[in-house]
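*Asks:* fold the following and give me the result.
(2 chains)
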Amino acid sequence: MTQMDLQPPDVAEPAATTPVIEMQDISITFGAVRALSGVGLRLFPGEVHALMGENGAGKSTMIKALTGVYTIDGGTIRVGGEEQHFSSPAAAQAAGISTVYQEVNLVPNLTVAENMLLGREPRRFGGIHVRAMNRRARETLDRLGIEVDPTSTLGEHPIAVQQLVAIARAVDVDARVLILDEPTSSLDADEVAKLFTVMRTLRSQGVAIVFVSHFLDQVYEIADRMTVLRNGRLVGERMVADTTQLELVQLMIGRELEVLERLDREVAATSARESGAPVMKALGLSRKGSLEAFDLELYDGEVVGIAGLLGSGRTEMARLLFGADTADHGELHIRSERRRLRSPRHAIDRKVAFSSENRRAEGVIEDLSVADNMLLALQASRGWLRPIPSGTRQRLVTEYIETLDIRPPDPQALMRNLSGGNQQKVLLARWLITQPEVLILDEPTRGIDIGAKAQIQQLVAELARRGMSVVFISAELEEVLRLSDRLVVMRDRRKIAERPNDDVSVGDLLEIIAGEARTQQEESRA
Amino acid sequence: MSTATVPVAGVSAWDRVRGFRPPSRYLPVLATFALFVGLFGVGGLRYEGFADPQVFLSLLLDNAFLIVLAVGMTFVILTGGIDLSVGSVVALSTMIAAKTLDMGWSPYLAMASVLVVGAVLGTLMGLLIHYFDIQPFVATLAGMFLARGLTYLISVESISISDSTFSQVAFSTITLPGGYYTTWTVVVALVAVAVAAYVLARTRFGRTVYAIGGSESSAMLMGLRVAAVKVGVYTISGFCAALGGLLFAFYTLSGNSLHAVGMELDAIAAVVIGGTLLTGGRGLVVGSMLGVLVLGTIQTFISFDGTLSSWWTRITIGLLVLVFVVIQRVMTRRQS
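*Replies:* Next comes the predicted model:
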């Protein structure tokens, strides 16, 4: 692919001498899919090690290989110098490797102490010795500097505290290695700070911590070294201090800038349409734990591209605009009238359509035919008591199958038998049939082949030319740049930049995402 | 337990009492207790003789079997399940007891076989629910029909119990100071409540029951013995239903396939009124006992009044269940 892949993975030397975990040349295959090939990870006592990579890079697979959820097909795992293969997470835990997942896996209705010690609580006279249990819980909490009453009910505390309690449970069993899988994704800034304090305490006590996060700033704040994965392969091991954020983003996304910059933009920037009122306007729209306040204006006949890494708030923005999530604060105006979108129903009534990134779970109904899937949204907006006349049904379905080149061109074909690209086209047709004025597309081209991708891109351009306002979300930066008239960049659940798409290169975009352009701009402005 | 009072010098005892805040998990039970005391107080004011302690003792006596059923039901509901079979198991138990005694079995063997059958039935339903992932509602509905059918299979006619040990237990009373009396069935029920309260509060099994009700998948990931406990609660419920059936047999001295029709719903109502969350994870067995007593008090009310139709019992119970469920909903929503 590129030169970078041919180079041997870089190695960064840590301060400690012998690794507590050494994974070498790990390979895992699921059926025909190679999830990991020749990946390694070295973990030393007393370090915070970030495991980096885009979605699907193999981070979770790597963690699951280490903790015994998956069996490896090749390679070796050494724990404290000895080769080990854990048969289950419980076995890994017994060897001092504990994992805390994104969702807090505790029970809200019991006390903090019970949550920390359930299953290994101190006993007396055959029953649980409650006072001893509370005492031991308090000792562990004190050691970690977590201020919480062990006798209080867990569910009364905010998620962040519950997360800390989960960590306390994990380290109560003399953990040597603590794996934190996206622990910060539902925490706000203060709560993250608390978590980091606990992580630093543990690090100073010699615990090795694996930290998985999509938030680059957090990685730079807490991690010492990092291992970068891409497409199931090892890209490199780096010291965090020696790697700029831009370099890291390049390592993760993995295309060299020169190659990308040669990609020509097919769609010429359309004439300025900012005259006239915006079709949709968000003012300070926000939702706690999901997205910070943002402003956004959408105009007729314009494609607004939303770029950012996974978890940066792209999808969250789309969901707020569509009413799939309700905003805590801020206003939304549609055609100059203030609207509150309490549910997607309201949005559809206002001619806003949203095609979810999660095609299988939130869009396609596999057991219905192509025709039924297409007409779903139109039928819903008419109300269930007014069936669509069969003549209209037929006309609409044939028309869209033809326009979008859906294969097989059979309205009665079951949705499950269509390829991903064709399913995506049916979803598009579903929304186009309702004749929306605003079309929000979240990752419409993910996981579909190159031909279908080009067709969908063309269609988006064509729709905008005909006057529709399109919001286009994609992880592929070239695609966003090629289609968009205006760019919105997201990072760490915030809108960090908005600019017209004139001569913006993938490199520029990467810089904005990596956060360096922002600081430079601020400097030059000062 | 933490009382949230701050010990400051010069605080009067009254201030400390006023400042006392019971942990929120006890609030529903306290509410039920207040309701019970309130009902009794109103009854005492309205009707002569209502406030007599013997009325309270009779309340226990008349509802001993229901208390035991509610104890078993509490275990099941705490895990987020439900057991619809208990009423039928009560009928089956009375029938097995009556039939075996009729056949000349020793009363102890008869009692043991009743308890074993109940526990085995419960275990079977638990196994179905856990390992075949069948909704508790459906599995225990099947158990309900099965047990009721088995009862008819043994005898369509009512069989009376004339065994001397049985009638001795049924008629002998324990005299309490002050000339009041109670029966052994009440002692059995109270012991069941005490044992259940201890198991739920102080054993790993009991805490796992709560953990499963809080979040079954988390409980699994915490390495708790989810399978054993989940099956176990249905065994306990089956056992309690059989024990309740024995108490019912002492109470009626007969085995009848028409006994205890719909009693499972009384037990569920008592548990809900006692403050246990139907979704699981919250509740105390003492609350369920208070729930039974509230139901009993309403019945006593109506019999003391004499002019009210006995269906008012049902109407009141219905309203109470509704009110309690709504209150629980509001409370849990506020917390989340």
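
*Asks:* stretch B:310-328 near chain A at all?
*Replies:* No: applying CB under 8 Å from any CB of the partner chain, one finds stretch B:310-328 separated from chain A by no less than 12.7 Å. Yep, even glycine has a C-beta here, placed from its N, CA and C like the rest.

*Asks:* buried ones in that stretch, by neighbour count?
*Replies:* B:313, B:316-317, B:320-321, B:324, B:328 (16 or more other CB atoms under 10 Å in any protein chain shown).

*Asks:* how about stretch A:302-309?
*Replies:* Of all the residues in stretch A:302-309, those buried under the rule 16+ other CB under 10 Å are A:302-309.

*Asks:* follow-up on the earlier one: adding secondary structure, write the buried residues of stretch B:310-328 out as a markdown table.
*Replies:* A markdown table is the format used below for the buried residues of stretch B:310-328 (DSSP: H, G, I helix; E, B strand; the rest coil):
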| residue | secondary structure |
| --- | --- |
| B:Thr313 | helix |
| B:Thr316 | helix |
| B:Ile317 | helix |
| B:Leu320 | helix |
| B:Val321 | helix |
| B:Phe324 | helix |
| B:Gln328 | helix |
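
*Asks:* closest to chain B among the buried residues of stretch A:302-309?
*Replies:* A:Leu309 (28.4 Å; CB to the nearest CB).

*Asks:* that closest one and A:Ile513 touch, don't they?
*Replies:* Yes: using CB atoms under 8 Å, A:Leu309 makes contact with A:Ile513 at a distance of 6.3 Å.

*Asks:* overlap in contacts of these two?
*Replies:* A:249, A:491 (CB atoms under 8 Å, 6 or more residues apart in numbering or on different chains).

*Asks:* burial count for the residue lying closest to A:Val69 once chain neighbours are set aside?
*Replies:* Closest residue in space to A:Val69, ignoring its immediate chain neighbours: A:Pro89 at 6.1 Å, by CB to CB, 6 or more residues apart in numbering or on different chains. A:Pro89 has 17 neighbours, counted by other CB atoms under 10 Å in any protein chain shown.

*Asks:* do I have it right that A:Pro89 meets A:Tyr70?
*Replies:* No: the pair A:Pro89 / A:Tyr70 is not scored as a contact, 10.8 Å apart, by CB under 8 Å.

*Asks:* where do the contact lists of those two overlap?
*Replies:* With CB under 8 Å, 6+ apart, A:Pro89 and A:Tyr70 have no common neighbours.

*Asks:* counting by contacts, list what the helix or strand hosting B:Leu190 packs against.
*Replies:* If you go by DSSP states H and E, B:Leu190 is part of helix B:184-202. If contacts are counted by 3 or more CB pairs under 8 Å, 6 or more residues apart in numbering or on different chains; DSSP states H and E, helix B:184-202 sits against strand A:127-128, helix B:53-78, helix B:204-214, helix B:226-252, helix B:285-305.

*Asks:* go through the longest one and flag the buried ones.
*Replies:* Using 16+ other CB under 10 Å as the burial criterion, the residues of helix B:226-252 that qualify are B:226, B:229-252.

*Asks:* now the angle from it to helix B:184-202?
*Replies:* 160 degrees (axes from the mean of the first three to the mean of the last three CA atoms, to 10 degrees).

*Asks:* now do helix B:226-252 and helix B:53-78, the angle between them.
*Replies:* Going by the same axes, to 10 degrees, helix B:226-252 makes 150 degrees with helix B:53-78.

*Asks:* now the angle from helix B:226-252 to helix B:204-214?
*Replies:* 100 degrees.

*Asks:* quick one: mean pLDDT for helix B:226-252?
*Replies:* For helix B:226-252, the mean per-residue pLDDT is 95.

*Asks:* what helices or strands is the helix or strand following it leaning on?
*Replies:* Proceeding N to C from helix B:226-252, the next assigned helix or strand is strand B:254-255, under DSSP H and E. Other helices and strands packing on strand B:254-255, by 3+ CB pairs under 8 Å, 6+ apart, are helix B:86-102, strand B:159-160.

*Asks:* can those go into TSV with extra columns for mean pLDDT?
*Replies:* Compiled in TSV, these are given as follows (pLDDT from 0 to 100):
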stretch	mean pLDDT
helix B:86-102	96
strand B:159-160	94
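
*Asks:* nearest to B:Met144, of the helices and strands packed on helix B:184-202?
*Replies:* helix B:226-252 (10.5 Å; CB to CB).

*Asks:* and that closest one, anywhere near chain A?
*Replies:* No: Helix B:226-252 lies apart from chain A when judged by CB under 8 Å from any CB; the minimum separation is 10.8 Å.

*Asks:* how far away from the center of its chain is that helix?
*Replies:* Distance of helix B:226-252 from the chain centroid (CA atoms, centre = their mean, to the nearest Å) equals 10 Å.

*Asks:* output the contacting helices and strands for it.
*Replies:* By 3+ CB pairs under 8 Å, 6+ apart, helix B:226-252 packs against helix B:53-78, helix B:86-102, helix B:107-131, helix B:164-171, helix B:184-202, helix B:204-214, helix B:216-221.

*Asks:* in CSV, list these along with mean neighbour count.
*Replies:* Formatted as CSV, the helices and strands packed on helix B:226-252 follow (neighbours: other CB atoms under 10 Å in any protein chain shown):
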stretch, mean neighbour count
helix B:53-78, 25
helix B:86-102, 27
helix B:107-131, 20
helix B:164-171, 14
helix B:184-202, 18
helix B:204-214, 24
helix B:216-221, 18
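
*Asks:* tell me which of these lies nearest to A:Phe30.
*Replies:* helix B:216-221 (22.3 Å).

*Asks:* nearest to chain B: which residue in the stretch 401-526 of chain A?
*Replies:* A:Arg493 (22.2 Å).

*Asks:* for the closest residue to that residue other than its chain neighbours, give its distance to A:Leu285.
*Replies:* Spatially, and ignoring its direct neighbours in sequence, A:Arg493 is nearest to A:Gly313 (4.0 Å; CB to CB, 6+ apart). Between A:Gly313 and A:Leu285 the distance, using CB to CB, to the nearest Å, works out to 12 Å.
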